[in-house]
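**Q** can't give you the sequence, but here's the structure:
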């Protein structure tokens, strides 16, 4: 975590293998956030993550039913897990991610962008825009 970053309340962090999480200076991570990294989560400077934000750079479990069964068995028994599909997430400087939003693998949130509360982000968010909905869509330019 960068110097001057603030994390409040409960923060759940999951790392799968070599996944890394970097939080820039002056950023804020609210209560009850979940950051799950199998590849990487890069949070820039002055970013605000409101309470309950979830950031997943991975699929969490395999999509294929047989692979998912094996994965569950590995979790249950403490055995080794197979690789999980993952792609780095980047949240650029001074972005704001609203309460309860979900950011999924491989996306970039541009500088100064706003992700509305409860949105599900599955595509890149351009800089200086507001996105909302499920899936999140541009609703305004700042």
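**A** It's in. The shown structure was predicted, so the numbers you read here are calculated from the model rather than taken from an experiment.

**Q** if I pick residue 35, what's in contact with it?
**A** For residue 35, the contact set (C-beta atoms under 8 Å, 6 or more residues apart in numbering) comprises 11, 12, 13, 14, 21, 29, 41, 55. Any C-beta I mention is one placed from the backbone N, CA and C, and that applies to glycine too.

**Q** Equivalent analysis for residue 40, please.
**A** Neighbouring residues of residue 40 by C-beta under 8 Å, 6+ apart: 19, 20, 21, 22, 57, 88, 89.

**Q** Now neighbour count too, for these, in CSV please.
**A** Below are these laid out as CSV (neighbours: other C-beta atoms under 10 Å):
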residue, neighbour count
19, 20
20, 13
21, 18
22, 15
57, 28
88, 17
89, 26
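
**Q** From these, which land in strands?
**A** Under the assignment DSSP state E, the contacts of residue 40 contribute 20, 21, 22, 89 to strands.

**Q** JSON lines for those, including pLDDT?
**A** Converted to JSON lines, these look like this (pLDDT from 0 to 100):
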{"residue": "20", "pLDDT": "92"}
{"residue": "21", "pLDDT": "93"}
{"residue": "22", "pLDDT": "95"}
{"residue": "89", "pLDDT": "98"}
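
**Q** Look up which helix or strand the nearest residue to residue 13 once chain neighbours are set aside falls in, please.
**A** Using C-beta to C-beta, 6 or more residues apart in numbering and skipping the chain neighbours, the partner closest in space to residue 13 is residue 35 (5.2 Å). Take DSSP states H and E as the rule and residue 35 turns out to sit in strand 33-37.

**Q** Done for today, thanks.
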